[in-house]
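1. What would the 3D arrangement of this be:
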Amino acid sequence: MIYLDNSSTTHHKPKSVIKSATLGLTKYSINPGRSGYKLAIETNEKVFTCREKLAEYLGATPNNVIFTSGCTMAINLGLLGTARKNGHIITTTFEHNSVMRTLEKLKSTHNITYSVAMPNKNGQISPQELSKYITNNTYMIIVNHTSNVSGVTQNIEAIGRLCRKHGLLFFVDGAQSIGHETINMTEYNINLLSVAGHKGLYAPQGIGALLVNNISVSPLIFGGTGTYSDKLKQPTDIPDGLESGTQNIVGILGLSAGIDFVAKNQTKINEKITRLTNKLILELNKIKYVETYSGNPNSGVVSIVIKNKDSSLVSRILDEDFNIATRSGLHCALLAHKYYKTVKNGMTRISLSYFNNEKDINKLIEAVRKIALEY
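-> So this is what the prediction gives:
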């Protein structure tokens with residue numbers, strides 16, 4: 001199988017990630033932070049090492065790294081855990097449903113309103129556009145750094161300056177950008193950053209993180225933390241108070257190895273993905289009846305629409321006739337598809353990782369050509 005659904009989750013993992021995750025199932029399959037025996041302490045040290053690596057990679061501090069079940073959980077924790085009654089949030093048309101559905105929930109629970117900023121013709125959402133929506137009760141701007149639909153990437157450094165100027169919280173959804181783009185929370189004035197371990201960091205599924213900076217977050221889940229066990233009230237310390245329950249050691253150890261792999265090979269990874277993506281875009285644009293959507297070749301995300309063909313049909317043919325895995329539909333991003341006017345038939349998304357090669361791309365291009373012209 002040629003796997004080209006890496007924006008959903010990377011299928012091929014580095015050997016180091018597989019080895020580290022396996023140790024989580026064998027040697028370190030215990031509950032750290034709950035006991036004082038040697039192996040528990042050693043496992044706890046491994047967990048903290050992962051916090052250190054993620055913090056260093058993203059310009060944060062280790063104690064402000066909160067492990068979650070994934071990016072969706074991180075976004076929910078960040079939005080619900082900082083919600084202000086009767087407040088106002090500014091977001092964008094490229095947001096994932098993990099943001100939009102949480103904002104809809106906040107409308108009913110906290111009487112929060114939100115505004116949706118629109119991009120220019122290049123897909124960029126400028127600080128000037130965002131500033132139009134700032135009101136007296138605005139307290140946060142949340143931005144999808146890289147779109148999972150088109151790969152378009154926003155200038156979060158400039159948006160961070162806008163938030164600093166107006167005293168607003170800045171929340172960045174890094175699901176698709178982390179591992180591809182440089183992010184420094186401190187330099188970019190980011191208060192909340194959501195991380196998906198299983199995408200650009202090549203970790204197992206089921207592990208993510210919320211990184212926080214100069215802000216307190218209220219817990220969503222209550223229970224055992226291994227600390228303050230003599231108290232019935234949930235602690236609010238970060239990260240302990242926000243990580244109730246048994247940690248995903250397999251995921252955390254896999255993530256730790258994934259960060260090492262990406263940090264060591266960042267230039268090589270980006271150069272390969274960009275080169276393959278540019279070739280893909282160039283060749284797809286030559287095919288009659290094919291419309292291409294891609295805002296940033298670094299992201300490895302290219303979505304297509306074939307005239308008069310539903311995206312689910314295109315992906316099914318790619319799978320059944322050519323053994324190529326892609327993603328069809330609305331990609332959990334309704335507003336983005338409304339913007340691109342592709343709600344009716346959706347898009348077929350092609351998304352690359354470091355483990356794809358030129359042969360994969362050539363086969364995909366030929367398959368799309370046949371579907372567009374012969375099927």
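2. which stretches of this structure form helices?
-> Remark: helices assigned in the chain by DSSP state H are 15-25, 38-58, 71-80, 97-110, 127-131, 156-166, 249-284, 311-322, 334-340, 358-373.
3. Ok, which of those helices comes nearest residue 86?
-> For these, proximity to residue 86 was assessed by C-beta to C-beta; helix 97-110 is nearest, at 7.4 Å. Where C-beta positions appear, they are placed from N, C-alpha and C, glycine not excepted.
4. Other residues contacting that closest one?
-> Contacts to helix 97-110, defined as C-beta atoms under 8 Å, 6 or more residues apart in numbering, come from residues 71-72, 75-76, 79-80, 83-87, 89, 91, 112-114, 142, 144, 173, 332-335.
5. Tell me how many other residues crowd the closest residue to residue 261 other than its chain neighbours.
-> Nearest non-adjacent residue to residue 261, counting by C-beta to C-beta, 6 or more residues apart in numbering: residue 14, 4.5 Å away. Per other C-beta atoms under 10 Å, the neighbour tally for residue 14 reads 20.
6. The one 3 residues further on now?
-> In terms of burial, residue 17 registers 25 neighbours under the definition other C-beta under 10 Å.
7. Nearest spatial neighbour of it, chain-adjacent residues omitted?
-> Distances taken as C-beta to C-beta, 6+ apart put residue 257 closest to residue 17, at 4.6 Å, once the chain neighbours are dropped.
8. circling back: for the buried ones among the contacts of helix 97-110, write the corresponding PyMOL selection.
-> Buried residues within the contacts of helix 97-110, by 16 or more other C-beta atoms under 10 Å, are selected in PyMOL with:
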select buried, resi 71+72+75+76+79+80+83+87+89+91+112+114+142+144+173+332+333+334+335
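9. still on that earlier bit, my read is that the residue nearest to residue 261 contacts residue 258, right?
-> Yes - with contact defined as C-beta atoms under 8 Å, residue 14 counts as touching residue 258 (7.0 Å).
10. Please identify every residue contacting each of the two.
-> Residues touching both residue 14 and residue 258 (C-beta under 8 Å, 6+ apart) are residue 202.
11. Identify each buried residue in stretch 342-362, please.
-> Going by neighbour count (16+ other C-beta under 10 Å), the buried part of stretch 342-362 is 342, 345-356, 360-361.
12. ok, and the closest non-adjacent residue to residue 86?
-> residue 111 (5.1 Å).
13. Tell me how many other residues crowd that neighbour.
-> Around residue 111 there are 11 residues (other C-beta under 10 Å).
14. Can you give me the separation between it and residue 260?
-> The spacing between residue 111 and residue 260, counted by C-beta to C-beta, to the nearest Å, is 45 Å.
15. Kindly report the same for residue 362.
-> Note on residue 362: its distance to residue 260, by C-beta to C-beta, is 31 Å.
16. what do you get for residue 351?
-> Taking C-beta to C-beta, one finds residue 351 at 23 Å from residue 260.
17. Could you do residue 104 as well?
-> Relative to residue 260, and taking C-beta to C-beta, residue 104 is found at 38 Å.
18. The two: who's more crowded?
-> Neighbour tally, residue 104 and residue 260, criterion other C-beta under 10 Å: the higher count belongs to residue 260, 18 against 12.
19. tell me the pLDDT at residue 337?
-> If you check residue 337, the pLDDT there is 97.
20. Hmm, it is touching residue 150, no?
-> No - the criterion here is C-beta under 8 Å, and residue 337 misses it with residue 150 at 10.0 Å.
21. For the two, indicate the residue with more neighbours.
-> Higher neighbour count among residue 337 and residue 150: residue 150, with 25 against 20, using other C-beta under 10 Å.
22. The more buried one contacts residue 303, doesn't it?
-> Yes - Residue 150 lies in contact with residue 303 (C-beta under 8 Å); the separation is 5.8 Å.
23. Return every residue with contacts to both of those two.
-> Residues touching both residue 150 and residue 303 (C-beta under 8 Å, 6+ apart): 293-294.
24. can you pull the contacts of the closest residue to residue 338 other than its chain neighbours?
-> Closest residue to residue 338 apart from its sequence neighbours, by C-beta to C-beta, 6+ apart: residue 93 at 7.5 Å. Taking C-beta under 8 Å, 6+ apart, we find residue 93 in contact with 116-119, 125, 335-336, 338-339.
25. go with 7 Å
-> Residues near residue 93 by C-beta atoms under 7 Å, 6 or more residues apart in numbering: 116, 118-119, 335-336, 339.
26. Please tell me how far it sits from residue 147.
-> Noted for residue 93: a distance of 9 Å to residue 147, by C-beta to C-beta.
27. what residues are shared contacts of the two?
-> Counting by C-beta under 7 Å, 6+ apart, the shared contacts of residue 93 and residue 147 are residue 336.
28. Name the nearest residue to residue 189, sequence neighbours excluded.
-> Among residues not flanking residue 189 along the chain, residue 160 sits closest, at 3.7 Å (C-beta to C-beta, 6+ apart).
29. how about the one you found, what does it touch?
-> Here residue 160 is in contact with 170, 188-190 (C-beta under 7 Å, 6+ apart).
30. now do 10 Å
-> 127, 141, 143, 168, 170, 172, 184-185, 187-191 (C-beta atoms under 10 Å, 6 or more residues apart in numbering).
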